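Peer 1: this is a predicted model, with the sequence first.
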Amino acid sequence: MPKDLQNQLWQDLEQLERNRTMPYITSVERIGIEKGMQQGMQQGMRQGESALLERQLTRRFGPPSAETRARLQAATVEQLEQWAENILDATTLEEGFKDH
């Protein structure tokens, strides 16, 4: 094999090995990544619960006011879940927002 092709082969092999090597992630970085992922999932759940409850409220009582939307946005996942259950039996908007 010609010398320049042999050199190119070795360079290509070195590059391939570098690309396949996984970078080291410290424990602190790993914990930070996991915490960020968990927070992102919780935020996504809260947004999903809020959007679903807003659709339920709209269907049951008509379009929600700005105040009701703000209340949904500020609520915890637990509150949203409780309100979503309440809405099944509520005859008024206020009954839907009761915390049992």
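Peer 2: Cool, got the structure. Residues are numbered from 1 along each chain as shown.

Peer 1: ok, and what's touching stretch 65-75?
Peer 2: Applying C-beta atoms under 8 Å, 6 or more residues apart in numbering, the external contacts of stretch 65-75 come out as 46, 50, 53-54, 57, 64, 80, 83, 93, 97. Backbone N, C-alpha and C define where each C-beta goes, glycine included.

Peer 1: same thing but at 7 Å, please
Peer 2: With C-beta atoms under 7 Å, 6 or more residues apart in numbering as the contact definition, stretch 65-75 has outside contacts at 50, 53-54, 57.

Peer 1: same deal with stretch 30-46?
Peer 2: Applying C-beta under 7 Å, 6+ apart, the contact partners of stretch 30-46 are 77, 80.

Peer 1: sorry, back to before: as JSON lines, the contacts of stretch 65-75 with distance to Gln42 would be great.
Peer 2: Formatted as JSON lines, the entries for the contacts of stretch 65-75 read as follows, by distance: C-beta to C-beta, whole Å:
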{"residue": "Ser50", "distance to Gln42": "12"}
{"residue": "Leu53", "distance to Gln42": "16"}
{"residue": "Glu54", "distance to Gln42": "19"}
{"residue": "Leu57", "distance to Gln42": "22"}
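
Peer 1: can you give me the buried ones in the longest helix that the chain contains?
Peer 2: For the chain, the helix with the greatest residue count under DSSP state H is helix 27-61. Under the neighbour-count criterion of 16 or more other C-beta atoms under 10 Å, helix 27-61 has 46, 49-50, 53-54, 56-57 buried.

Peer 1: with stretch 87-98 instead?
Peer 2: Residues of stretch 87-98 classed as buried by neighbour count (16+ other C-beta under 10 Å): 87, 90, 96-97.

Peer 1: okay, and which of the residues you listed map to helices?
Peer 2: If you go by DSSP H, the buried residues of stretch 87-98 have Gly96 in helices.
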